[in-house]
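Visitor: give me a 3D structure for the following:
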Amino acid sequence: MSYGTAGSLRSVTLDDVRGAQKMLSGVARVTAMEGSRHLSRQVGAPVHLKCENLQRTGSFKLRGAYVRIAGLLPEERAAGVVAASAGNHAQGVALASSLLGVHSTVFMPKGAPLPKISATREYGAEVRLHGQVVDETLAAAQEYAAETGAVFIHPFDHPDIIAGQGTVGLEILEQCPEVGTIVVGMGGGGLAAGIAVAVKSLRPDVRIIGVQAEGAAAYPPSLRAGRPVTVPHPATMADGIKVGTPGEVPFDIVRELVDEVRTVGEDQLSAALLLCLERAKLVVEPAGASPVAALLGAPGGFSGPVVAVLSGGNVDPVLMQRVLRHGMAAQGRYLAVRLRLTDRPGALATLLAVLSEADANVLDVSHIRTDPRLGLTEAEVELHLETKGPEHCGEVVRALGAAGHQVVERMPDGFV
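Guide: Down below sits the predicted model:
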C-alpha cells in the first residue's frame, strides 16, 4: 500500500487493514488470547488478555513496520530506511527490514537499555546511539533521512503503520467474537487507531477505551482542543507510551472512533505488571500492562467480555526489578519499622523469632547502638520486611507490640 506524501495521506479503511493482514500472513504471529479468572472476578465480567508481548520482537510494532516497509517503491527500498526508537519500534523496523532485504539504520538514545540495543542489532539493523532523550534521537534520524535519502519510518504517524497495527483488532474479533470492550494502551495512538478502524467497521457496538500514563497523557487535552497538543516533558516508567504529542493521522481516527481515554498512575502500572507476572505468568512491560492497570483502577466500569491488549513484553531486567519492588510496595507488600529494644545478648535474635512466628520475611536489618538519642542500655533497630499485604502488615505490628517491642516509627510502606 502506498499513500504518497504526508500532505495527501488518506484515512485508513477496513480494506487497508485486511490487506495488511494478508501481507503479514506468515510474518507476524496470531498471538494468543488468554482468559484471566482473577481479573474476571474483579471486573465482574469475562476478561481476556491479547498477548502481543508474545509477538515476534516482543511487541505489536512488527506489524506496522513490516506493512510500511513492504509498501515502499523499489527505489525507496534501495535507499534504505531509518527509524528512531528507544526499543520496540527499533526492533520491529530491524526485523521487518531484514525480512524484506532492506538496509535499516536505527537511532537510539545513549541511555537505551543494553538488551534492546543488542536485540535491534541482532535483528539486522545498524544502530547509532545519539542524544539523551527520544526527541534528540528523532531529530538525528530525520536529519540522516534528509542527507541520505533513506525513508524515515515513523512509529505511529502513517496510514500503513496504523493499518498494520489494526490487524490486532481483526484477530480480537476472530478470537473473541462476543467482545464488548477493548482496552488498549496509547502513546502516539497508532495501535488504538488501527484497532478502532478494524473493530468499529465490523462491530460498531464494541467500546474501545484507550489508556495513557498520567505523566504522558497528551490525548485528553488534545481531544478537548480538537487538535494534537504537546505535553512538555512527559514522564512515566512506561516508555512504550511516553509520547508527548499525538500523531496527526491517528489523532483524527481516535477522535472519531475511540470511545474514551483514561489515565493510570505509576502505582497502578507497577501493580498491573506484578499481577501479570504473578497471576497470568506473563512478562509484560509497563506500557503493555497499562490496560490491566485501567481495569484494576475502576473494575466496575467495563462492559464484558473485556479484551485487554498486552502490547509488549520488552522490559529491561533492571527496570523490571525496580518496577516489581514498586508494585509490591503499592500493594502493601513491604513494611518498614523502627523500634527500640534492650541492648543485651540475644535481644535481636528474640525479635527476629517474633517476626518469623508472624511469617514476615526480613529483607534488611540496621542495628544502631551509638546514638545520643538512645539510653545507656538501649539499641535501635530498623527493619525492612516483606509481607503478604496491608492486613498482614497490621498483624506484624501487633505481634511486635504483644511481644513487648516498642515501635518508635512505622515508615511508609516500601523498600528503601
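
Visitor: contacting residues for the nearest residue to Asp259 once chain neighbours are set aside?
Guide: Nearest non-adjacent residue to Asp259, counting by Cβ to Cβ, 6 or more residues apart in numbering: Arg207, 4.8 Å away. Any C-beta I mention is one placed from the backbone N, CA and C, and that applies to glycine too. The neighbourhood of Arg207, defined by Cβ atoms under 8 Å, 6 or more residues apart in numbering, consists of Gly180, Thr181, Ile182, Asp259, Glu260, Phe302, Ser303.

Visitor: out of those residues, which end up buried?
Guide: Gly180, Thr181, Ile182, Phe302 (16 or more other Cβ atoms under 10 Å).

Visitor: most widely separated two among the residues you listed?
Guide: Spatially, the most separated pair among the buried ones among the contacts of Arg207 is Ile182 and Phe302, at 10.0 Å (Cβ to Cβ).

Visitor: between the two, which contacts overlap?
Guide: Residues touching both Ile182 and Phe302 (Cβ under 8 Å, 6+ apart) are Arg207, Ile209.

Visitor: give me the phi and psi angles of the residue nearest to Asp259.
Guide: Dihedral pair for Arg207: phi -80, psi 140, per degrees, to the nearest 10.

Visitor: worst mean pLDDT across the helices and strands of this structure, which element?
Guide: Every helix and strand in the chain was compared by mean pLDDT, DSSP states H and E; the lowest is strand 406-411, with a mean of 66.

Visitor: which residue, other than its chain neighbours, is closest to Leu275?
Guide: Nearest non-adjacent residue to Leu275, counting by Cβ to Cβ, 6+ apart: Val292, 6.2 Å away.

Visitor: and Leu341, what does it touch?
Guide: Ala347, Leu348, Leu351, Glu378, Ala379, Val381, His405, Gln406.

Visitor: relative to Phe302, how far out is the fourth one?
Guide: This points to Glu378. For Glu378, the distance to Phe302 equals 54 Å [Cβ to Cβ, to the nearest Å].

Visitor: next one: the last one
Guide: Counting by Cβ to Cβ, the gap from Gln406 to Phe302 is 47 Å.

Visitor: same question, the first one
Guide: Taking Cβ to Cβ as the criterion, Ala347 is separated from Phe302 by 53 Å.

Visitor: Provide the secondary structure category for Ala112.
Guide: For Ala112, the assignment made with DSSP: H, G, I helix; E, B strand; the rest coil gives coil.

Visitor: my guess is it meets His89, correct?
Guide: No - counting by Cβ atoms under 8 Å, His89 is not a contact partner of Ala112; they are 11.7 Å apart.

Visitor: please say which of those two ends up with more neighbours.
Guide: Neighbour totals were compared for Ala112 and His89, and His89 leads with 27 against 21 (other Cβ atoms under 10 Å).

Visitor: let me see the contact set for that one.
Guide: Counting by Cβ under 8 Å, 6+ apart, His89 touches Lys61, Ala65, Ala83, Ile153, Pro155.

Visitor: strands along the stretch 51-200 of the chain, start to end?
Guide: Secondary structure of the stretch 51-200 of the chain (DSSP state E, counting those that start in this stretch): strands at 81-84, 104-108, 126-129, 151-152, 181-185.

Visitor: which strands or helices does the shortest one pack on?
Guide: In terms of contacts (3 or more Cβ pairs under 8 Å, 6 or more residues apart in numbering; DSSP states H and E), strand 151-152 is packed against strand 81-84, helix 134-148.

Visitor: which one of those is the most hemmed in?
Guide: The highest mean neighbour count among the helices and strands packed on strand 151-152, using mean count of other Cβ atoms under 10 Å, belongs to strand 81-84: a mean of 29.

Visitor: so which of the contacts of Leu341 would you say is closest to Ala96?
Guide: Out of the contacts of Leu341, the member with the shortest distance to Ala96 (by Cβ to Cβ) is Val381, at 56.6 Å.

Visitor: correct me if wrong: the closest one contacts Arg338.
Guide: Yes - Val381 is within contact range of Arg338, at 7.3 Å (criterion: Cβ under 8 Å).

Visitor: contacts for stretch 219-229, please.
Guide: Stretch 219-229 is contacted from outside by 186, 189, 210, 212, 218, 231, 245-248, 251, 254-255, 261, 263, using Cβ under 8 Å, 6+ apart.

Visitor: now the two most distant members of those.
Guide: Glu248 and Thr263 (21.8 Å).

Visitor: more crowded one of these two?
Guide: Taking neighbours as other Cβ under 10 Å, Glu248 and Thr263 compare with Thr263 leading, 20 against 15.

Visitor: give me the beta-bridge partners of the more buried one?
Guide: Thr263 has these beta-bridge partners by DSSP bridges: Gln212.

Visitor: for Gly124, give me the pLDDT.
Guide: Among the per-residue scores, Gly124 holds a pLDDT of 95.

Visitor: residues near it, how many?
Guide: Gly124 has 18 nearby residues by other Cβ under 10 Å.

Visitor: residue contacts, it?
Guide: Gly124 touches Ala94, Leu95, Ser97, Ser98, Ser104, counting by Cβ under 8 Å, 6+ apart.

Visitor: how far away is it from Thr57?
Guide: From Gly124 to Thr57 the distance is 11 Å (Cβ to Cβ).

Visitor: gap between the closest residue to Ser290 other than its chain neighbours and Gly131?
Guide: Spatial nearest neighbour of Ser290, chain neighbours left out: Gly185 (3.9 Å); criterion: Cβ to Cβ, 6+ apart. Counting by Cβ to Cβ, the gap from Gly185 to Gly131 is 24 Å.
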